[in-house]
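**Student:** Just need the structure, nothing else, for what follows:
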Amino acid sequence: MIPARYAATRFPYKLIQDLEGKAVIQHTYDNTVATGLFDEVWVITDNDIIYNMLNASGSKVKMSIKEHESGSDRIAEAVQQMEADIILNVQGDEPFVDHETLSNLLDAFRNPAVQIASVMKPFSDPSNIQDPNYVKVVVDKDNFSLLFSRSVIPYHRDLSFVPKYWEHVGIYAFRKEALIQFTNWEMTPLEKAEKIECLRYLENGIKLKMIETTHQSVKIDVPEDLEKAKIFLKSLKK
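**Tutor:** Model (predicted):
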């Protein structure tokens, strides 16, 4: 499931921006389908422009019925009547999905204790650690999430020790029951403060299993990222 919200605070209409001849959301959909990992791939949107564009291309797309605060709420509405065990949420602004990463994410559910899983990667550019547009995550020894934040975590107080900083990649997978449970909870204080939806799980006592990846890509959050994505896409074609 790929939630596709039309309006965005930092970069309005980013999902329909042209990325080398194809809209950003179309890249995300096509690349997710191309992994061959899923029985079905759907885009869930709140906007007629996105719906009509994807429908015309033959992509599977649904319109949201209600207004939603988060992508997880949006897809929870869409999967209520679907037969599914595991639902994977790829963010619409993450066009460069990776087969190995998504496969490893799905494999996490071989452990029956895992209810939700997500992805993290080492920061390739240390300057991004200070940037609130990049969400950071800290984990326990078994790679279960302890906290997500737009602030720098952990705080580097002991300069004799070099901490590891993990960037949270906005890809989630859920057992269906856990996703439905999520949408029945109210937004939590940390979630409201940070605008990070997975904090709702942590504040309700559910940790996320974090899967490591070294796959480098570009998330499109601000206009400058679109230019980075164009350069990255050209590098993939070489």
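**Student:** Show me which positions of stretch 139-153 end up buried.
**Tutor:** 139, 143, 145, 147, 148, 149, 150, 153 (16 or more other C-beta atoms under 10 Å). For every residue, glycine as well, the C-beta is placed using N, CA and C.
**Student:** Other residues contacting the helix or strand harbouring the fifth one?
**Tutor:** Under the criterion DSSP states H and E, the helix or strand holding residue 148 is strand 145-149. For strand 145-149, the surrounding residues in contact (C-beta atoms under 8 Å, 6 or more residues apart in numbering) are 118, 135-140, 153, 168, 194, 196, 198-199, 202, 207-210.
**Student:** rerun at 10 Å
**Tutor:** By C-beta atoms under 10 Å, 6 or more residues apart in numbering, the surrounding residues in contact with strand 145-149 are 116-118, 120, 132, 135-140, 153-154, 166, 168, 190-191, 193-194, 196-199, 201-202, 206-210.
**Student:** List buried residues within those residues.
**Tutor:** 116-118, 120, 135-139, 153, 166, 168, 190-191, 194, 196-199, 201-202, 206-210.
**Student:** Packing partners of the lowest-mean-pLDDT helix or strand in the chain?
**Tutor:** When the helices and strands of the chain are compared on mean pLDDT, DSSP states H and E, helix 71-79 comes out lowest with a mean of 83. Helix 71-79 sits against strand 2-4, strand 43-45, strand 61-63, strand 86-90, strand 166-175, helix 176-184, helix 199-203, with contacts defined as 3 or more C-beta pairs under 10 Å, 6 or more residues apart in numbering; DSSP states H and E.
**Student:** Repeat the analysis, applying 7 Å as the threshold.
**Tutor:** With contacts taken as 3 or more C-beta pairs under 7 Å, 6 or more residues apart in numbering; DSSP states H and E, helix 71-79 sits against strand 2-4, strand 43-45, strand 86-90, helix 176-184.
**Student:** what angle do that helix and strand 166-175 make?
**Tutor:** If you take axes from the mean of the first three to the mean of the last three C-alpha atoms, to 10 degrees, helix 71-79 sits at 20 degrees to strand 166-175.
**Student:** Between helix 176-184 and helix 71-79, find me the angle.
**Tutor:** Going by the same axes, to 10 degrees, helix 71-79 makes 120 degrees with helix 176-184.
**Student:** what does helix 71-79 contact?
**Tutor:** 1, 3, 42, 44, 62, 64-66, 68, 87, 89, 91, 172, 176, 179-180, 182-183, 197 (C-beta atoms under 7 Å, 6 or more residues apart in numbering).
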